[in-house]
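> I need the structure of the sequence given here:
(one chain, ligands or ions: 3)
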Amino acid sequence: MVTLTVAVDAPQHTGLTAPLDYISECTLPAGTLVNVPLGKRSVPGIVWDREPAPASELALRTITEALDALPPLSATWRALVDFAAAYYQRSTGEIALSVLPPELRKLDNARLAQRIKKLHKALASNVAGPSSGAAATPARTAEQAEALRQIEAMAAQRTPTPLLLHGVTGSGKTEVYLGAAEQVLQANRQALVLVPEINLTPQLEARFAERFAGRHIVSLHSALTPAQRLRHWLAAHLGLADLVLGTRLAVFASMPRLGLIVVDEEHDPSYKQQDGARYSARDLAVYRARLERAVVVLGSATPALETWQRANEGRYQRLALPARIGGGALPRVRLIDMNQQPKSRGGAAALSPPLIDALQQRIARGEQSLVFLNRRGYAPVLHCGDCGWKSGCPNCSAWRVFHKLDRTLRCHHCGLTERVPRACPDCGNLDIAPIGRGTERLEEQLGELLRTPDDRPARIARIDADSTRLKGALQAQLGAVHAGEVDVLVGTQMVTKGHDFRRITLVAAVNPDGALFSSDFRAPERLFSLLMQAGGRAGRDAQHAASSEMWVQTWHPQHALYDALRRHDYEAFARSQLKEREMAGLPPYSHLAILRADARTPEAARTFLQAASALAASLPGAEQVTIYAPVPLGIARVANVERMQMLVESASRGALQRFLADWLPALHELRRQQREERILRWAIDVDPLVI
Ligand code: ADP
Ligand code: ZN
Ligand code: ZN
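Ligands and ions are numbered 1, 2, ... in the order given. Predicted coordinates:
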């Protein structure tokens, strides 16, 4: 009999954060998947490498089953999980088990052995061997070649420095990823490529598959079927897959020969998990690369300011691709001052006359345009002019959005959907009207305004979360754009990401000002990168690049953000933002965490947070952190849950970490005492992205 520690899947609220001790008939290597009893249930666990507590074996329970057909998860994988659990204040077992394919826990040892055997067999018969029929590598530009030289040099280092590949849109970053992958594959190691959006994986997968014909490439993201996800994960874990492409969850893919991690669009907010263990896949990728002595390449046209600052400090090494492939110019940015535009009834028109003219000209020349508005639906609110009724959501502190196509009022926060009332529910007035506009209305307005040279209505397409709900819809719509069957594409930020549109020569942002005055200090950074990325969709064909334009309708044309955008000057924007952050003591010059509480009433949430704050004062190291007063979230009530949060700040990351680790058990205890206070949930978010 031996005593082993096991990381078990105990939910956060149980407060069981560390691995638990069990006894086993024989010793099992750390990293072995097991089933163990926990309370009245049997739960999956992983043998962990901690010293068991010096307790009597009699008190311990026995491991039920060892799933040792699966080779153990490696020491570096366990170290990554340990780090993520400690850093994001979650339990080791919760993270370890939640990042494995769910299907894995349904198998017993015999069935697992069978699956593995089948996978080996399938691959043996499938793989033709590397490089048969692979697409040729294009002649690389001098900048691409230099970047690849530096990546290769870094790979030879014992502890490679993380690399930041800073390249404007269309500068050929993907070709650098491909070249870097080629290098590690030749060295018989595996490559992991992370992308922010599932929608972008098929496109990238095709590009990698074309280049690396004969190599085994798998994807890992949440849209796979459970069986696919298990198969792909196993292929990575067994070292059978050379390349793993995936979204943020793939940062935890088990890969025994990992040599390279690429994080494409590293600034993208979707790398941060927004519930459960709120980890940043980008930051974990950097940590993991160090553990594995692998090279990590963070790529972006507009790096996150945290990343940029690390490059400034020399902690990351910068690689630059300053020019577009083929010498194409970046689109000329034109700011339309909406103060100068004629006012229509009920305020300014959504589309200024010069923009309509410009769109009309592109149609006449057979070119495409992209009109971008980050708000879906027809109108954000319906309104009765007689009594002042508005289409509020009964469950949330938010308006319900009018969707004209199916004549519904939908809450984008809790999902409540109802038919649009015929008349004002309060006074019976028949004349209730939409206020403001979303993509649906924009599509309708453009359809009414724009004509082809032979005087037919222009062909307008819309891409947003509504128009792409059905499987395959997005690919079909993108296909129509690529085939030239669309004159003007309307969309939310969904269309700004990554797509390589060749015929678009005009990109217009209709109403982007909102973020300039947001209470979230990261809003300008997000807006700048969104607009740079949207602009990057124009003129990707070098032939048309010279005439490509980005139009921005704004009420604040003097704003420094738009000035930097006009000059495509990320560096100036970053410099001014970093200076503001430094003066305000905001990240990256300080470190933040949020304690959030959800409750039935705002008072209950506030009471919990205030009690948590009082507890914090007595902890060691409390003088190194500042805890701010509880405030409601921007949208305080969602689905009848009141949401409050409290910001915790420290000049030292280490001090914040130590403080949070001491605070966490106190919070669990507080929650137990306050059961009657009707706190529904609480959570800590370390390095929160949305304030
Ligand atoms: P980014 O990822 O930086 O936006 P991409 O890697 O998508 O840029 O490259 C933009 C376009 O240029 C793509 O169509 C790509 O195939 C092409 N391209 C990249 N590198 C080269 C090269 N060395 N020679 C010719 N075309 C290239
Ligand atoms: Zn009314
Ligand atoms: Zn709602």
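> any idea which helix or strand carries the residue in the stretch 451-600 of the chain positioned nearest to ligand 1?
Relative to ligand 1, the nearest point of the stretch 451-600 of the chain is residue 500 (5.5 Å; CB to the nearest ligand atom). Where C-beta positions appear, they are placed from N, C-alpha and C, glycine not excepted. Following DSSP states H and E, one finds residue 500 outside all helices and strands.
> That one touches residue 540, doesn't it?
Yes - using CB atoms under 8 Å, residue 500 makes contact with residue 540 at a distance of 6.0 Å.
> neighbour-wise, which of those two wins?
For residue 500 versus residue 540, the count of surrounding residues by other CB atoms under 10 Å is larger for residue 540: 23 against 15.
> So that one sits against residue 505, correct?
No - taking contacts as CB under 8 Å, residue 540 lies outside contact range of residue 505: 9.6 Å.
> Can you give the distance from stretch 515-524 to the centre of its chain?
Distance, stretch centre to chain centre, for stretch 515-524: 18 Å (CA atoms, centre = their mean, to the nearest Å).
> Can I get that stretch as CSV, trimmed to CA atoms?
Only the C-alpha atoms of stretch 515-524 are listed here, as CSV (Å, rounded to 0.1, in the frame of the first residue of the first chain):
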residue,chain,number,x,y,z
ALA,A,515,-15.4,53.7,-26.7
LEU,A,516,-13.7,57.1,-26.4
PHE,A,517,-15.5,58.0,-23.2
SER,A,518,-16.0,54.6,-21.7
SER,A,519,-15.3,54.0,-18.0
ASP,A,520,-13.2,51.0,-18.9
PHE,A,521,-9.6,52.2,-19.3
ARG,A,522,-8.9,49.6,-22.0
ALA,A,523,-11.7,50.8,-24.3
PRO,A,524,-9.5,53.1,-26.4
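> From ligand 3, how far off is residue 519?
According to CB to the ion, to the nearest Å, residue 519 and ligand 3 sit 21 Å apart.
> Does residue 135 touch residue 209 like I think?
No - contact criterion CB under 8 Å: residue 135 and residue 209 do not qualify, at 9.2 Å.
> who has more neighbours, these two?
The neighbour comparison of residue 135 against residue 209 (other CB under 10 Å) goes to residue 209, with 16 against 12.
> where does residue 547 land in three-state SS?
coil (DSSP: H, G, I helix; E, B strand; the rest coil).
> Return the per-residue confidence for it.
Listed pLDDT for residue 547 reads 83.
> before we move on, the earlier item: and the residue of the stretch 451-600 of the chain closest to ligand 1, what does it touch?
203, 540 (CB atoms under 8 Å, 6 or more residues apart in numbering).
> Secondary structure element for residue 448, which one?
Under the criterion of DSSP H and E, residue 448 resides in helix 439-449.
> likewise residue 489?
Element membership of residue 489 [criterion: DSSP H and E] is strand 488-491.
> Can you tell me what sits against that strand?
With CB under 8 Å, 6+ apart as the test, strand 488-491 has contacts from 359, 363, 368-373, 439, 442-443, 446, 450, 458-464, 481, 495, 504.
> So which of those residues belong to strands?
368, 369, 370, 371, 372, 460, 461, 462, 463, 504 (DSSP state E).
> Going by distance to residue 591, which of these wins?
Each of the ones in strands among the contacts of strand 488-491 was scored against residue 591 by CB to CB, and residue 372 proved nearest at 33.6 Å.
> In the sheet, which residues pair with the closest one? Tell me.
In this entry, residue 372 is beta-bridged to residue 491, residue 509, by DSSP bridges.
> got any ranges where this structure has weak pLDDT?
Applying pLDDT under 70 to the chain picks out residues 11-15, 55-58, 126-134, 344-348, 498, 542, 675-677.
> Next, residue 433: phi, psi?
Torsion angles at residue 433 (phi, psi; degrees, to the nearest 10) stand at phi -130, psi 150.
> In contact with it, which residues?
Counting by CB under 8 Å, 6+ apart, residue 433 makes contact with 382, 383, 384, 385.
> Ok, residue 374 next?
492, 493, 512, 530.
> Also residue 217?
By CB under 8 Å, 6+ apart, residue 217 lies in contact with 205, 208, 209, 241, 242, 243, 244, 245.
> what does residue 385 give?
Contacts for residue 385 (CB under 8 Å, 6+ apart) come out as 429, 431, 433.
> Distance of it relative to residue 392?
As judged by CB to CB, to the nearest Å, residue 385 and residue 392 stand 16 Å apart.
> Residue 432 now?
Between residue 432 and residue 392 the distance, using CB to CB, works out to 13 Å.
> before we move on, what about residue 75?
54 Å.
> re earlier: could the contacts of residue 217 go into JSON lines alongside secondary structure and distance to ligand 2?
JSON lines is the format used below for the contacts of residue 217 (DSSP: H, G, I helix; E, B strand; the rest coil; distance: CB to the ion, whole Å):
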{"residue": "205", "secondary structure": "helix", "distance to ligand 2": "53"}
{"residue": "208", "secondary structure": "helix", "distance to ligand 2": "57"}
{"residue": "209", "secondary structure": "helix", "distance to ligand 2": "58"}
{"residue": "241", "secondary structure": "coil", "distance to ligand 2": "61"}
{"residue": "242", "secondary structure": "coil", "distance to ligand 2": "64"}
{"residue": "243", "secondary structure": "strand", "distance to ligand 2": "59"}
{"residue": "244", "secondary structure": "strand", "distance to ligand 2": "56"}
{"residue": "245", "secondary structure": "strand", "distance to ligand 2": "53"}
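> of those, closest to residue 119?
Set against residue 119, the nearest of the contacts of residue 217 by CB to CB is residue 241 (10.1 Å).
> and the closest one, how many neighbours?
Other residues close to residue 241 by other CB under 10 Å number 26.
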